[in-house]
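sequence plus predicted model, see below.
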Protein chains: 2
Amino acid sequence: MNGTLYLIPVTLGEESNSVEVLPSGTLSILRNLKEFIVENEKSARAFLKSAGTTIAMPDLILHPIGKHISPVQMNSYLNNAKKGAVIGLLSEAGCPGVADPGAQIVSMAHKGGIKVIPLVGPSSLLLALMASGMNGQDFHFHGYIPIDKTARFDFLKHIERETKKYGTTHFFIETPFRNNHMLEDLLKALDNGTKLCIACDINLPKEFIRTSTIGDWKINAAPDLHKRPAVFLIGK
Amino acid sequence: MNGTLYLIPVTLGEESNSVEVLPSGTLSILRNLKEFIVENEKSARAFLKSAGTTIAMPDLILHPIGKHISPVQMNSYLNNAKKGAVIGLLSEAGCPGVADPGAQIVSMAHKGGIKVIPLVGPSSLLLALMASGMNGQDFHFHGYIPIDKTARFDFLKHIERETKKYGTTHFFIETPFRNNHMLEDLLKALDNGTKLCIACDINLPKEFIRTSTIGDWKINAAPDLHKRPAVFLIGK
């Protein structure tokens, strides 16, 4: 008999309270799980504690995905689930597999005939998209965009054309310590009439979300985005 | 002083319990709101009742978006928020503005200087993407794909090429009573090696999610998808 892999969203920052941000259905499942595949062991323990796990810390079985893990080892983390166990998958913040590690584990679970159940919780990408007021019937997330100056400007002009032509919302992220540079590049590369939404510190006390045209952003400057997790959206 | 527009996700079906699926933070905000912009008045009342609103039903102010509403009238729904009120935006199921109406209201709120705050809750698209095990670093949602046979097959072959070339996950929805036809078309149009995830009745008791190759779907048939809300994902 095959087991179950629950996909568990995690809060979007230390200042966010798991018990307020996760539904009771998600909390009651995760509190009773003993075995997890996690992005990072230490932060997984902190999260599980804050979410009120009923399992004693030493009894938790945590398998870190890490960066240098082989596919064979990753697959071995599903051994108990293949024998019928119910296990969880956690990333650092937000939803496993969406702009976060985890998709490979989920793919392996499907191949292994394990039941995959996604649980409700916060995703900065989804919240940013909702709050942008941009087209939510046609959207494309690009992860990180090119860093090389020429490639980056070419990419931005390309998605600006796609937005104008098809109305697609294009969105992406940047390493938080480079966010101010990203904003500078956006203001240089794009037309004044193009709409840009900056959604920053989502779900946290300092949340900032505003959609304006590039021309307006040049006049009414954004707050300092340095080291604040942000999503950038371009659209109609 | 400008007000606030809260974006409130709604459960994904009648069999889903709002109190289990929405976080306490979302519930405590929505329970105290008196004024809402809604997709449909009747289902909004049913949802608010199930979520435990503290406002008496006759005191609720509900502005239905409907299909034939003019932009001027839509904008007038924000009048109280422009004067400082705190109001909510609800769609029928899932997240306002994401594969659902609402984006235009949010866009108007940004223009009117109203603070926009997205709340955490269920989105069938996000849950399907997490559970697909497909690339969550690069994904494109297309809403409804063309119905015309030739245009539909051309579109499917196009996104299949894009998936092979860039690894992008492409996903879309269909009117639930045409889901079985959609599946037939997918099996005809796509290569046997291409991966397809069918995520159906998400967050509901009959939830079904499986990722396999087209070749495998031909052998191990999907359950009957007729009239069951489903998300179709193509990817690596």
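That came in fine, so what should we check first?

hey, let's count contacts and neighbours off CA atoms from now on
Noted.

looking from chain B, tell me which residue of chain A is nearest.
Per CA to the nearest CA, A:P23 is where chain A lies closest to chain B, at 3.7 Å.

does A:E92 really touch A:S43, like I thought?
Yes - the pair A:E92 / A:S43 is scored as a contact, 6.9 Å apart, by CA atoms under 8 Å.

the more surrounded of these two?
More crowded of A:E92 and A:S43, by other CA atoms under 10 Å in any protein chain shown: A:E92, with 21 against 16.

nearest residue to the residue of chain A closest to chain B in space, please, no chain neighbours.
B:P23 (3.7 Å; CA to CA, 6 or more residues apart in numbering or on different chains).

continuing past the longest helix seen in chain A, what's the next helix or strand?
Counting by DSSP state H, the longest helix found in chain A is helix A:149-166. Going down the chain from helix A:149-166, the next helix or strand is strand A:169-173, by DSSP states H and E.

show me the shaky parts of chain A.
The model of chain A has pLDDT under 70 over residues A:1.

just to revisit the earlier point, what is the burial count for the residue nearest to A:P23?
The number of residues near B:P23, taken as other CA under 10 Å, comes to 27.

can you pull the contacts of it?
A:19-24, A:121, B:120-121 (CA atoms under 8 Å, 6 or more residues apart in numbering or on different chains).

for the residues you listed, which one is nearest B:K83?
Proximity of the contacts of B:P23 to B:K83, judged by CA to CA, is greatest for B:V120, which lies at 25.8 Å.

look up phi and psi at that closest one.
phi -80, psi 140 (degrees, to the nearest 10).

quick one: contacts for it?
A:21-22, A:121-123, A:127, B:8-9, B:22-23, B:26.

now, the residues you listed that are in helices?
Going by DSSP H, the helices hold A:21, A:127, B:26 from those.

for chain A, which segments are assigned as helices?
Assigned by DSSP H, the helices in chain A fall at A:18-21, A:24-31, A:41-50, A:71-76, A:79-82, A:103-111, A:124-132, A:149-166, A:179-189, A:214-219.

reformat the ones you listed as a markdown table; add distance to A:I61.
A markdown table is the format used below for these (distance: least, CA to CA, whole Å):
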| stretch | distance to A:I61 |
| --- | --- |
| helix A:18-21 | 21 |
| helix A:24-31 | 13 |
| helix A:41-50 | 10 |
| helix A:71-76 | 13 |
| helix A:79-82 | 11 |
| helix A:103-111 | 16 |
| helix A:124-132 | 28 |
| helix A:149-166 | 42 |
| helix A:179-189 | 36 |
| helix A:214-219 | 48 |
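
winner for burial among the ones you listed?
helix A:124-132 (a mean of 27; mean count of other CA atoms under 10 Å in any protein chain shown).

now do that one: everything it contacts.
Identification of contacts with helix A:124-132 by CA under 8 Å, 6+ apart yields A:12, A:94, A:136, A:197, A:199, A:202-203, A:209-211, A:231, A:233, B:7, B:95-98, B:103, B:106-107, B:116-120, B:126.

restricted to strands, list these.
Those of the contacts of helix A:124-132 mapping onto strands are A:197, A:199, A:209-211, A:231, A:233, B:7, B:116-118, per DSSP state E.

compare those and tell me which is most surrounded.
For the ones in strands among the contacts of helix A:124-132, counting by other CA under 10 Å, the largest number of neighbours falls to B:L7: 29 neighbours.

can you pull the contacts of A:T54?
With contacts defined as CA under 8 Å, 6+ apart, the neighbours of A:T54 are A:31-32.

try 6 Å
Residues near A:T54 by CA atoms under 6 Å, 6 or more residues apart in numbering or on different chains: A:R31.

can you give me phi and psi for A:L22?
Here is the backbone geometry of A:L22 (degrees, to the nearest 10): phi -100, psi 140.

what's the closest non-adjacent residue to it?
With CA to CA, 6+ apart as the criterion, A:L22 has its nearest non-adjacent residue at 4.8 Å, and that residue is B:P23.

coming back round to it: let's have the contacts of B:V120 in CSV, adding distance to A:G88.
Shown next, in CSV, are the contacts of B:V120 (distance: CA to CA, whole Å):
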residue, distance to A:G88
A:V21, 18
A:L22, 15
A:G121, 14
A:P122, 16
A:S123, 17
A:L127, 23
B:I8, 27
B:P9, 24
B:L22, 20
B:P23, 19
B:T26, 24
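
and which of those residues is nearest A:P223?
Taking CA to CA as the measure, A:P223 lies nearest A:L127 of these, at 19.4 Å.

still on that earlier bit, ok, of the ones in strands among the contacts of helix A:124-132, which one's closest to A:L30?
Taking CA to CA as the measure, A:L30 lies nearest B:P118 of those, at 24.1 Å.

related to what we said a few turns ago, the longest helix of chain A packs against which elements?
Here helix A:149-166 touches no other helix or strand, going by 3 or more CA pairs under 6 Å, 6 or more residues apart in numbering or on different chains; DSSP states H and E.

how far off helix A:179-189 does it point, in degrees?
60 degrees (axes from the mean of the first three to the mean of the last three CA atoms, to 10 degrees).

list of residues touching helix A:149-166?
Helix A:149-166 has contacts (CA under 6 Å, 6+ apart) with A:146, A:189, A:235.

need the nearest residue in space to the first one, chain neighbours excluded.
Nearest-residue entry for A:P146: A:R152, 4.9 Å, with adjacent residues in sequence omitted and distances by CA to CA, 6+ apart.

what's the distance between the one you found and B:P229?
Using CA to CA, to the nearest Å, A:R152 is found at 38 Å from B:P229.

same check, this time on A:N203
To B:P229, A:N203 is 29 Å away according to CA to CA.

these two: which is more packed in?
Remark: of A:N203 and B:P229, A:N203 carries more neighbours, 24 against 20, as counted by other CA under 10 Å.

so A:T169 touches A:G235, yeah?
Yes - using CA atoms under 6 Å, A:T169 is in contact with A:G235, at 4.4 Å.

more neighbours: which of those two?
Remark: of A:T169 and A:G235, A:T169 carries more neighbours, 29 against 26, as counted by other CA under 10 Å.

beta-bridge partners for the more buried one, please?
On the basis of DSSP bridges, A:T169 is bridged to A:F139.

who are the contact partners of it?
A:135, A:139, A:234-235.

and A:S16, how close does it get to B:F172?
To B:F172, A:S16 is 32 Å away according to CA to CA.

also A:G235?
Remark: distance between A:G235 and B:F172 (CA to CA) = 19 Å.

skipping adjacent residues, who's closest to A:I61 in space?
Using CA to CA, 6+ apart, the closest residue to A:I61 is A:E35 (4.6 Å).

looking at it, that neighbour is touching A:P58, isn't it?
No - applying CA under 6 Å as the test, A:E35 and A:P58 come out as separate, 11.5 Å apart.

domains of chain A?
A:4-118, A:124-235 (automatic domain parsing).

B:V86 is nearest to which of those?
domain A:124-235 (15.5 Å).

and that closest one, how far out from the chain middle?
Distance, stretch centre to chain centre, for domain A:124-235: 15 Å (CA atoms, centre = their mean, to the nearest Å).

now stretch A:22-38
How far stretch A:22-38 lies from its chain's middle: 18 Å, per CA atoms, centre = their mean.
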